[in-house]
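**Student:** Sequence and computational prediction follow.
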Amino acid sequence: MKTLLLHCLTGIDGETYDIARVACFLGVIVFLGLAIVNWRHFGAQDFGIGFGALVAGGGAACGMKAGTEPPASPPPP
């Protein structure tokens, strides 16, 4: 599980944490937590619109930041 999170939260080199990916990950965790806490007033349509906007914004942030990532590490021999 630790390796999966490391691959999801780091840039192309696998060592440098990407602030856009970390912020999107934390945003998703907080969003889901708030949806669980507010389960009595849960609206599926509102949840879907908000979650879709969060994921789309995170993807756009990662896409705009893609040119600033460090070069990939060479594969081990």
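**Tutor:** Noted; the coordinates are in hand.
**Student:** so residue 72 is in which element?
**Tutor:** Secondary structure from DSSP states H and E places residue 72 outside every helix and strand.
**Student:** Check residue 30 too.
**Tutor:** Assigned by DSSP H and E, residue 30 falls in helix 19-37.
**Student:** swap in residue 70?
**Tutor:** Counting by DSSP H and E, no helix or strand carries residue 70.
**Student:** Surely it is in contact with residue 18?
**Tutor:** No - Residue 70 lies out of contact with residue 18 (CB atoms under 8 Å); the separation is 10.2 Å. Every residue, glycine included, has its C-beta placed from N, CA and C.
**Student:** Find the residues that touch each one of those two.
**Tutor:** Common contacts of residue 70 and residue 18, defined by CB atoms under 8 Å, 6 or more residues apart in numbering, comprise residue 11.
**Student:** Any stretches of the chain with poor pLDDT?
**Tutor:** Applying pLDDT under 70 to the chain flags residues 73-77.
**Student:** For residue 18, give me its contacts.
**Tutor:** Contacts for residue 18 (CB under 8 Å, 6+ apart) come out as 9, 10, 11, 62, 65, 69.
**Student:** got a list of what residue 37 touches?
**Tutor:** The contact partners of residue 37, by CB under 8 Å, 6+ apart, come to none.
**Student:** which of the contacts of residue 18 has the most neighbours?
**Tutor:** Ranked by the number of neighbours (other CB atoms under 10 Å), the contacts of residue 18 place residue 11 first, at 20 neighbours.
**Student:** For that one, give me phi and psi.
**Tutor:** phi -80, psi -160 (degrees, to the nearest 10).
**Student:** so residue 55 is in which element?
**Tutor:** Secondary structure assigned from DSSP H and E places residue 55 in helix 44-65.
**Student:** one step back: redo the contacts of residue 18 as JSON lines? Include distance to residue 53.
**Tutor:** Shown next, in JSON lines, are the contacts of residue 18 (distance: CB to CB, whole Å):
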{"residue": "9", "distance to residue 53": "21"}
{"residue": "10", "distance to residue 53": "25"}
{"residue": "11", "distance to residue 53": "24"}
{"residue": "62", "distance to residue 53": "15"}
{"residue": "65", "distance to residue 53": "18"}
{"residue": "69", "distance to residue 53": "24"}
